[in-house]
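Undergrad: output the structure for:
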Amino acid sequence: MSVELVCPYCRFSKRISEKKIPSAAKMAICPRCHKKFPLSRSNGTDGLSERKSFETAKSDTMGPPSESEAETGGTPWEKRGDLGLFNGIFLTLKKALFQPGALFSARNQPGGFREPLAFGLLVGGFGDMLAFFWPVLLFSLGFVPFGHTVFAHLSGIWIVLMLTVGIPLAVILNMVCYSGIVHLMLLMVRGGKEGYQSTFRVVAYSQAALIWNVIPFMGSWIATVWKLVIQVIGLREMHHTSYVRVVMAFLLPFFILFALIIMAMGPLLMLLF
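TA: Predicted coordinates for the structure are as follows:
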């Protein structure tokens, strides 16, 4: 006989044999969000498994969930069906920019790539369009002498294609590849405990920082620094690791590059000196 357990916080579900559940067990721990819940088991004798969720057990024994518990189960973007599209986007932007620790706390994280990818593409694409818009606008008005740069040779159709195809494609490739590199560095410093999906989730939602591209020119610098801060905090929360390991993961490529330069320059220095 088996019982399906469903966590009310992150909706993670798992079917487990009753033989593996100790007879004296009263509480269960979700393997994804690590929250404790009252354990409910079937008392029937007909040999059929009972689908009893943790959510029902909680409501029977502990009353309605608190306000903090009601916020579990995903980001506002992932609750846009209840909050509305614009509210979901606004609240997620607000949390990502000013409360990244709360946004990426373990109890808030459902699985899957689709929702983070959709948010990252929407917000990141919009932010990159803003960064592209300001130089083109100023060049069109004659305020910035780009001379023979690429902006001087772009026709209207190419600008449209870049905005509608090039930028979205670049955003997706950047999130996927960048997440892979960051996760590899985390694994090298033993900080990537929760897998590539968690790293991708942080990178995707950190695209919220690109909203600062609304500020001409300086916005891209602000967005870069802000996005890095969101990623450091988010990776620490998602992977349950330390800030030291996360920072080491970001610095590791520079150490590797420096070591390669020294190795390449070694024979030359020996010849010179």
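
Undergrad: going by C-alpha atoms from here, please, whenever you check contacts or count neighbours.
TA: OK.

Undergrad: and for the helix or strand Gly81 falls within, what's in contact with it?
TA: Take DSSP states H and E as the rule and Gly81 turns out to sit in helix 80-83. Defining contact as Cα atoms under 8 Å, 6 or more residues apart in numbering, one finds that helix 80-83 is touched by 76, 86-89.

Undergrad: need these in a markdown table with distance to Trp221, can you?
TA: Converted to a markdown table, these look like this (distance: Cα to Cα, whole Å):
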| residue | distance to Trp221 |
| --- | --- |
| Pro76 | 27 |
| Phe86 | 26 |
| Asn87 | 27 |
| Gly88 | 26 |
| Ile89 | 23 |
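
Undergrad: so which of those wins on neighbours?
TA: Pro76 (25 neighbours; other Cα atoms under 10 Å).

Undergrad: against Asn87, how distant is that one?
TA: When distance is defined by Cα to Cα, to the nearest Å, Pro76 is 8 Å away from Asn87.

Undergrad: cool, Gly191 as well?
TA: 34 Å.

Undergrad: check Ala118 too.
TA: 16 Å.

Undergrad: from the contacts of helix 80-83, which ones fall inside strands?
TA: Taking DSSP state E, every one of these sits outside strands.

Undergrad: out of the residues you listed, the closest to Met27 would be?
TA: Pro76 (28.6 Å; Cα to Cα).

Undergrad: CA atoms of stretch 240-257 as PDB?
TA: Output in PDB follows, covering the C-alpha atoms of stretch 240-257 (Å, rounded to 0.1, in the frame of the first residue of the first chain):
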ATOM      1  CA  HIS A 240      21.700  26.600   0.600                       C
ATOM      2  CA  THR A 241      25.300  27.600   0.500                       C
ATOM      3  CA  SER A 242      27.400  30.500   1.800                       C
ATOM      4  CA  TYR A 243      28.100  33.800   0.200                       C
ATOM      5  CA  VAL A 244      31.800  32.900   0.200                       C
ATOM      6  CA  ARG A 245      31.300  30.000  -2.100                       C
ATOM      7  CA  VAL A 246      29.000  32.000  -4.400                       C
ATOM      8  CA  VAL A 247      31.500  34.800  -4.700                       C
ATOM      9  CA  MET A 248      34.300  32.300  -5.200                       C
ATOM     10  CA  ALA A 249      32.300  30.800  -8.100                       C
ATOM     11  CA  PHE A 250      32.000  34.200  -9.800                       C
ATOM     12  CA  LEU A 251      35.700  35.000  -9.300                       C
ATOM     13  CA  LEU A 252      36.900  31.500 -10.400                       C
ATOM     14  CA  PRO A 253      36.900  32.300 -14.100                       C
ATOM     15  CA  PHE A 254      39.200  35.300 -13.600                       C
ATOM     16  CA  PHE A 255      41.600  33.100 -11.600                       C
ATOM     17  CA  ILE A 256      41.600  30.500 -14.300                       C
ATOM     18  CA  LEU A 257      42.200  33.200 -17.000                       C
END
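
Undergrad: can you map out the helices along the stretch 1-150 of the chain?
TA: Applying DSSP state H, counting those that start in this stretch to the stretch 1-150 of the chain gives helices spanning 54-62, 67-70, 80-83, 85-98, 100-103, 114-140.
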